[in-house]
Structures are given as structure tokens and as C-alpha cells.
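>>> Return atomic coordinates for the entry below.
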Amino acid sequence: MAPGSGRFAGPDSQVARLRHWYENELGWATVPETPGEPLRLVTGVRFDVLDVPAPAGAKALRHLGPGSPVALQGDRMLLLVAAGSAEEVPGLLDWLEWSALALDLRALGAHGRMDAPARPEPVSTGARPLPEADEGPAAPPEPADRPEPVQGAAVWLRPPGPGREVEASLPRMPRVPTLPAVGGVGCAPDLVRLVDTMATECHRVRLWRASHGPEGDQALASS
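Numbers count the residues shown, from 1 in each chain. This is a model prediction of the structure:
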């Protein structure tokens, strides 16, 4: 069945409009609808996804281009990266000497799925400021202006731009990776720097939550 046709022909179908936006305007594949379940996007085709705690993801935003899409779902941040990146993450973590630690960093690649965030309303206020460095992990930024989501809890923090050229904005592996410079500055490739930053922040979040007990998440968000 052609994307956005027949089965979702009803003009009032919110799922149909959302599916049409993803498949026809962005060229992103979705999976068949299951009654009662949110629409899902297929990973590993146009993009992969790095799924991390939202405070850790907030620290990584500075390593993304302005057109690189980012979503929030509950207390998780979903950062879109180039297709094929998920396969590189285990090796990168080992190379960056993070593989010995249990990091709350998940990579979704081929045959993966993510809940499709609701389409946001146009934003006219310009780029949102990046989080400032502080003593504790960063609180997650607020999502872009949007209508109330009609499915799932996923929302766009940085929505994809119009057209079908998202790949150019996504962090990717270079042919010859180089270690990030001390302090996170230098000429490190985007994906290497991004993974190193997220691993560092995931570890900080883990230590923060362990030291602050059950109330750690609330204190973390307000730090």
C-alpha cells in the first residue's frame, strides 16, 4: 500500500496526517499501525538514534548542527545520527575507554523503532540557547512549541526541517577518527565527540542519581 493512502484516507485522522508528514514530506519510513499503539519510525534507513537520559543529552546538544533533529520522550532524549552509526557505538565506547562501565546509552539502528513525535507548530522565536555548563548535569531543554501530542509521549525538541535532506545535518563517523581534545574542543569528528560527551554525561548522571537517592532525578533537573 502506498504511504499515506487508502487505509488512512479519513480527513480527520490525526495518525494519517502524521504518517503523511513523515512519509511524503520527509521521506521517513513508518511501520504499520497497531490499534492503540503510537505511530513508529523505522531506524537504520535514513538515520539511527542515540537514546540517553535527558540531562546527559542536553550537554551533547552543542556538538550537533543546528539542523540535527532531537526528540524528548519522558526522561529520555533521542538524538538522530547518520544511518550506520549505531553499529559504530560499541567500538567507539571501547576505543574511548568507556566500555568497562555500565552506561545508560542505547543505540537504535537497523530494524529498530522509535515512537514518532507529533508534528510541531512552526516556531518563530529563533534558535533556543544551549544549556550553560554547571556543577551538576544539565536539566533537559523545553521542547519546541507544539500542539498537545495526540499519540505517545515523544515530542520534538529540535524538529526536522522541511524537505528530504536530513542526512547532511546528522553526526557521522569519518574515515579516520581522532580522539577528542581535552575539554571537548578541537577537530574531533562529530560522532566521536558526541559519543564521548554523552558517555561522560551518562556516567555523571549515574553518579548523581546514586548519590542523591530516589529524589536524585528531581534535584538533577533543578541543578
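
>>> in the protein, which ranges drop under the pLDDT threshold?
Where the chain drops to pLDDT under 70, the residues are 1-12, 122-152, 175-189, 213-223.

>>> In it, mark out all the strands, start to finish.
Remark: strands assigned in the chain by DSSP state E are 40-42, 47-53, 70-73, 76-82, 106-108, 113-115, 154-158.

>>> Distance to residue 21 and mean neighbour count added to those, as a markdown table?
Bear in mind the C-beta positions are built from the backbone N, C-alpha and C, glycine included. A markdown table is the format used below for the strands of the chain (distance: least, CB to CB, whole Å; neighbours: other CB atoms under 10 Å):
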| stretch | distance to residue 21 | mean neighbour count |
| --- | --- | --- |
| strand 40-42 | 11 | 21 |
| strand 47-53 | 16 | 24 |
| strand 70-73 | 14 | 22 |
| strand 76-82 | 16 | 24 |
| strand 106-108 | 21 | 19 |
| strand 113-115 | 15 | 18 |
| strand 154-158 | 11 | 22 |
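
>>> wait, which of the ones you listed is closest to residue 209?
Among the strands of the chain, strand 47-53 comes nearest to residue 209, with 8.7 Å by CB to CB.

>>> who does that closest one touch, helix- and strand-wise?
strand 76-82, helix 85-95, strand 106-108, helix 190-212 (3 or more CB pairs under 8 Å, 6 or more residues apart in numbering; DSSP states H and E).

>>> From these, pick the one with the highest average neighbour count.
Most buried of these by mean neighbour count (mean count of other CB atoms under 10 Å) is strand 76-82; its value is a mean of 24.

>>> Contacts for that one, please.
The contact list for strand 76-82 (CB atoms under 8 Å, 6 or more residues apart in numbering) reads 47-54, 56-58, 60, 64, 68-72, 114, 140, 154, 157, 160, 166-167, 170-173, 191, 194, 198.

>>> before we move on, back to that, any chance of JSON lines for the helices and strands packed on strand 47-53, columns distance to residue 33?
Compiled in JSON lines, the helices and strands packed on strand 47-53 are given as follows (distance: least, CB to CB, whole Å):
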{"stretch": "strand 76-82", "distance to residue 33": "20"}
{"stretch": "helix 85-95", "distance to residue 33": "25"}
{"stretch": "strand 106-108", "distance to residue 33": "20"}
{"stretch": "helix 190-212", "distance to residue 33": "32"}
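
>>> and residue 42, which of the ones you listed is closest to it?
Of these, nearest to residue 42 by CB to CB is strand 106-108, at 9.9 Å.

>>> which residues touch that closest one?
43-44, 48-52, 85-86, 89-90, 114.

>>> Out of those, which is nearest to residue 13?
For the contacts of strand 106-108, the closest approach to residue 13 (CB to CB) belongs to residue 114, at 21.2 Å.
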